[in-house]
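1. Next come a sequence and a model predicted from it.
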Amino acid sequence: MASIATVSDLRQGYGRRDVIRGLDLAVDAGVLGLLGPNGAGKTTLLRTLATVAPPREGLLKICGAPVRSERDARKVRRQIGYLPQDFGYFPAFTVEDFVHYCAWLRGVPKASADVAVNEAIECVNLADRRTAKLRSLSGGMLRRCGIAAAIVGFPRLILLDEPTAGLDPAQRLEFRALLRMLKRRGLAVVISTHLVEDVAAVCDTVAVMSGGRLVFHGLPDELVRAAVADAVGDTHIERGYMSVLARGGRPA
Ligand SMILES: Nc1ncnc2c1ncn2[C@@H]1O[C@H](COP(=O)(O)OP(=O)(O)OP(=O)(O)O)[C@@H](O)[C@H]1O
């Protein structure tokens, strides 16, 4: 089956600086966990997949369509839900207003928008706060509202930048259940996270970035098996993660 998104030989950066070089990645249905230390390039990759910034070099394809121009990007944005790390919002909007607005921005058909908005709000367990103003929400609730905005209408590609930041342990478990539901719908979800245990619990595949390159892409079990004998870490997968970072992508 064709991948939902691919980047080939991607070069991406800011100003004069390249932060991603020669990166190839295929995103298929299921949950892909994107790991890597601060500054590795995870957000830059997600922004590129979200068509926020065009690749400096290389090819981005969404649902099989090459995205080479703003015109191409407009055609595929309907298929993309994106939760940035720091998302902008209007404090006076209610939860419902905000998710509706994001549905409208993404072109969710008007006839199905009300149902889609309700469904998204229920998915993140904010139904009892639907008329609350965003300014009155806790950090975790606001994050869940952002997740609802990213999944409304169930786009085929959902990109979540540190979605579990600020969630308490019970909310993180609920978020994992939500990811499993999105997976059952055949959607592709990419989550950037520093929580290696979230990846072990719910991701089908894992990509590890370091210094703007992909140093690992495979199954969570394969990351566990990548652990070297003296690796640091409290869990098997943390030891695998630390090992691939230390190795910098060189074959074992
Ligand atoms: N808007 C920007 N302008 C200039 N440089 C930037 C900008 N955003 C990110 N960078 C730089 O690009 C590199 C990659 O940053 P990026 O945010 O993609 O990493 P990350 O893996 O998401 O990090 P974190 O885990 O801290 O969120 C870093 O060196 C960062 O300083």
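-> In hand now; what should we look at?
2. secondary structure element for residue 8?
-> Counting by DSSP states H and E, the element that carries residue 8 is strand 5-14.
3. lowest average confidence, helix or strand, in this protein?
-> The helix or strand of the chain with the lowest confidence, counting by mean pLDDT, DSSP states H and E, is helix 196-202 at a mean of 88.
4. my read: residue 243 touches residue 227, true?
-> Yes: the pair residue 243 and residue 227 passes the contact test of CB atoms under 8 Å, sitting 4.9 Å apart. In this view, the C-beta of every residue, glycine as well, is placed from N, C-alpha and C.
5. hmm, back to that, report the distance from the least confident helix or strand of the chain to the chain centre.
-> Averaging C-alpha positions (CA atoms, centre = their mean, to the nearest Å) puts helix 196-202 14 Å from its chain's average.
6. which intervals of this protein have sub-threshold pLDDT?
-> The chain contains residues with pLDDT under 70 at 249-252.
7. please redo it, this time with the cut-off set to 90
-> Scanning the chain for pLDDT under 90 picks out the ranges 1-2, 86-90, 139-140, 164-168, 170-172, 174, 194-201, 229-231, 247-252.
8. where along the stretch 101-250 of the chain do the helices fall?
-> 110-123, 139-151, 169-184, 196-202, 220-225, 236-247 (DSSP state H, counting those that start in this stretch).
9. Quick check: which of these is buried the most?
-> Stretch with highest mean neighbour count among these: helix 139-151 (a mean of 23; mean count of other CB atoms under 10 Å).
10. Name the residues that touch that helix?
-> With contact meaning CB atoms under 8 Å, 6 or more residues apart in numbering, helix 139-151 is reached by 81-83, 87, 89, 95, 98-99, 102-103, 120-121, 123-126, 129, 134, 137, 158-160, 163-168, 171, 175, 178, 182.
11. Also compute the angle for it relative to helix 110-123, please.
-> For helix 139-151 against helix 110-123, the angle by axes from the mean of the first three to the mean of the last three CA atoms, to 10 degrees is 150 degrees.
12. who touches stretch 206-226?
-> 18-25, 32-37, 40-42, 44-45, 199-200, 203-205, 236-237, 239-241, 243-245, 247-249, 252.
13. If you count neighbours, what's buried in it?
-> Going by neighbour count (16 or more other CB atoms under 10 Å), the buried part of stretch 206-226 is 206-217, 220, 223-224, 226.
14. and the residue nearest to residue 61 when sequence neighbours are not counted, how far is that from residue 209?
-> Leaving aside its sequence neighbours, residue 61 sits nearest to residue 6 (CB to CB, 6 or more residues apart in numbering; 4.8 Å). The span separating residue 6 from residue 209 equals 16 Å under the rule CB to CB, to the nearest Å.
15. returning to what we had before: counting contacts, what elements does the least confident helix or strand of the chain pack onto?
-> Counting contacts by 3 or more CB pairs under 8 Å, 6 or more residues apart in numbering; DSSP states H and E, helix 196-202 packs against strand 30-35, helix 169-184, helix 220-225, helix 236-247.
16. what comes into contact with stretch 41-48?
-> By CB under 8 Å, 6+ apart, the residues outside stretch 41-48 that reach it are 7, 10, 12-14, 19-20, 23, 25, 34-36, 53-55, 60, 82, 84-85, 159, 161, 190, 192, 209, 211-213.
17. Fine by me, thanks again.
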